[in-house]
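> prediction below, plus the sequence it came from.
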Number of protein chains: 2
Amino acid sequence: MSDEKLKEKAIIEAARNRFAHFGFSKVTMDEIAGDVEMGKASLYYYFPTKEDLFRSVVLEEQSEFVKNIEEILGRHASASEKLNEYVAQRLKYFRDLVNLGMLSVHSIFDIKSIFKKLFEDLGKQELILLKKIFDEGINSGEFTKELPGDFPKIFLHILQGLRFRVIKLFNEHKANEETYKELESEMKIATQYLIKGIKCN
Amino acid sequence: MSDEKLKEKAIIEAARNRFAHFGFSKVTMDEIAGDVEMGKASLYYYFPTKEDLFRSVVLEEQSEFVKNIEEILGRHASASEKLNEYVAQRLKYFRDLVNLGMLSVHSIFDIKSIFKKLFEDLGKQELILLKKIFDEGINSGEFTKELPGDFPKIFLHILQGLRFRVIKLFNEHKANEETYKELESEMKIATQYLIKGIKCN
DNA sequence: ATTCGACTATTTTACTTGAATGGTCGAAAA
DNA sequence: TTTTCGACCATTCAAGTAAAATAGTCGAAT
């Protein structure tokens, strides 16, 4: 890897740690620069803006998540199993986002949010991945052929929706390990019965 | 109905109209008083605080919603049909809340929100109603006996979660008639397949 | 028992100002 | 040429403040 790329990585890593602890707005470029023992101005040699740096951090997490899912897709397993695994992985990724301070009310709902486009892109990617799983299930005869075309979307919305409850608690500073366990359980059960509902038998 | 009760009703009605248009904070007691041709101080004869007046408005809507559901529960119908009807009624009620300006980000998430307790109470009531439907389904042999005890809660969370997407769009001023139709469709389909999944056959 | 004008206390808003911070630039170093 | 950074600028943000708006009170009038 080139020297330039290595330094980029180091900056991203330092930024990631800071952002994970304090969230986007509470981290200054000076602090990140200090972590990698550079002047602030030097960061701007690698990243045009602070937002851009943050985007790079998130994008790395995202691509790792997507890679994980694609690995799951490649396995020799039933569509149901893949779906269950998908839900589990998604929850894990979600927790990373929480750590990145990306899931505060304001970051999610604020129109001007710099995260909005990122989320939209991820949603599109997820939809594609889910569609693959469902198509596979239909083609193999595991799922009913009558499944509506927008079922993947609905499934995704259900997952996103369940998540919101945790975000809400999180913003009331009431979220703890317990809450996540509960969410995990809810997602699993919901998935389980949805799968039962769409199976052919 | 007593004279006093009638005036209370009139005040609640005037308040409802104002709140529906402008939301809680953008309505002054003077305006409401003007609508019913009274002095502001007179309102305080009937309602101790502005919040209390608002609570009365919401409580009326809520009790109407619950009454609707209870009517549905009393019908001679399968648990599945009742569940479907429940979802439909819930969406209708939800739209009323939107009109009352109760579903902005701030009113939902703000810890200090005066609506919080109201929502919590409603949630508890809904849970009881849903439990009845599911128990009925299990006892009649329509639903599987293996249904987890917290399935009603999960079902409610799914409905609540799906709603969030619309709230989000609503806060971005992007919600329109179309969006609601979409939400209705999503809820119906999700309910349909969840029912399939929990049925005995 | 009910109404309301006049009053108070509190909250909200609009504005100011100084500090913090994102971002720029040209010179220096490697 | 590529990379670094000190010094600088422009913008944003926080804290404070004064004025306006508004929730809520009270005693007199009906």
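In hand now; what should we look at? Numbering: from 1, shown residues only, chains lettered A, B, ... in the order given.
> next, the buried residues of the helix or strand hosting A:Ala15.
Secondary structure from DSSP states H and E places A:Ala15 in helix A:3-22. The neighbour-count check on helix A:3-22 (16 or more other Cβ atoms under 10 Å in any protein chain shown) flags A:7-8, A:11-12, A:14-16, A:18-19 as buried. C-beta coordinates here come from the backbone N, C-alpha and C atoms, glycine included.
> need the next SSE after that helix, C-terminal direction.
helix A:29-35.
> so what secondary structure elements neighbour whichever helix or strand comes after that following helix?
Using DSSP H and E, the helix or strand that follows helix A:29-35 in sequence is helix A:40-46. Helices and strands in packing contact with helix A:40-46 are listed as helix A:3-22, helix A:29-35; criterion 3 or more Cβ pairs under 8 Å, 6 or more residues apart in numbering or on different chains; DSSP states H and E.
> name the helix or strand for the residue in chain A that chain B sits nearest to, please.
With Cβ to the nearest Cβ as the measure, A:Gly161 is the residue of chain A nearest to chain B, at 2.0 Å. Here A:Gly161 sits within helix A:151-171, counting by DSSP H and E.
> what mean pLDDT does that helix have?
Per-region confidence: helix A:151-171 scores 90 on mean pLDDT.
> just the CA trace of it, in CSV.
Extracted in CSV, the C-alpha atoms of helix A:151-171 (Å, rounded to 0.1, in the frame of the first residue of the first chain):
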residue,chain,number,x,y,z
PHE,A,151,-42.0,-7.8,0.2
PRO,A,152,-38.3,-7.2,0.6
LYS,A,153,-39.0,-3.5,1.1
ILE,A,154,-41.6,-4.2,3.7
PHE,A,155,-39.3,-6.6,5.5
LEU,A,156,-36.6,-4.0,5.5
HIS,A,157,-39.0,-1.4,6.8
ILE,A,158,-40.0,-3.7,9.6
LEU,A,159,-36.4,-4.1,10.6
GLN,A,160,-35.8,-0.4,10.4
GLY,A,161,-38.9,0.3,12.3
LEU,A,162,-38.1,-2.1,15.2
ARG,A,163,-34.7,-0.3,15.4
PHE,A,164,-36.4,3.0,16.0
ARG,A,165,-37.7,2.0,19.4
VAL,A,166,-34.1,1.5,20.5
ILE,A,167,-33.0,4.7,19.0
LYS,A,168,-35.8,6.4,20.9
LEU,A,169,-34.7,4.9,24.2
PHE,A,170,-31.1,5.7,23.3
ASN,A,171,-32.0,9.3,23.0
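> quick check: angle from it to helix B:151-171?
In terms of direction (axes from the mean of the first three to the mean of the last three Cα atoms, to 10 degrees), helix A:151-171 departs from helix B:151-171 by 90 degrees.
> for helix A:151-171, which positions count as buried?
A:151-171.
> tell me what it is packed against?
Using 3+ Cβ pairs under 8 Å, 6+ apart, helix A:151-171 is in contact with helix A:79-99, helix A:105-109, helix A:116-139, helix A:177-198, helix B:105-109, helix B:151-171, helix B:177-198.
> how many neighbouring residues does the residue nearest to A:Arg163 when sequence neighbours are not counted have?
Among residues not flanking A:Arg163 along the chain, A:Phe94 sits closest, at 6.1 Å (Cβ to Cβ, 6 or more residues apart in numbering or on different chains). Counted by other Cβ atoms under 10 Å in any protein chain shown, the residues lying close to A:Phe94 total 20.
> A:Phe94 reaches A:Phe164, doesn't it?
No. Judged on Cβ atoms under 8 Å, A:Phe94 makes no contact with A:Phe164 at a distance of 11.0 Å.
> closest to DNA strand D out of the helices and strands packed on helix A:151-171?
With Cβ to the nearest atom of the strand as the criterion, DNA strand D lies closest to helix A:105-109 of the helices and strands packed on helix A:151-171, at 11.2 Å.
> any idea of the mean pLDDT in the closest one?
Helix A:105-109 shows a mean pLDDT of 63 in the predicted model.
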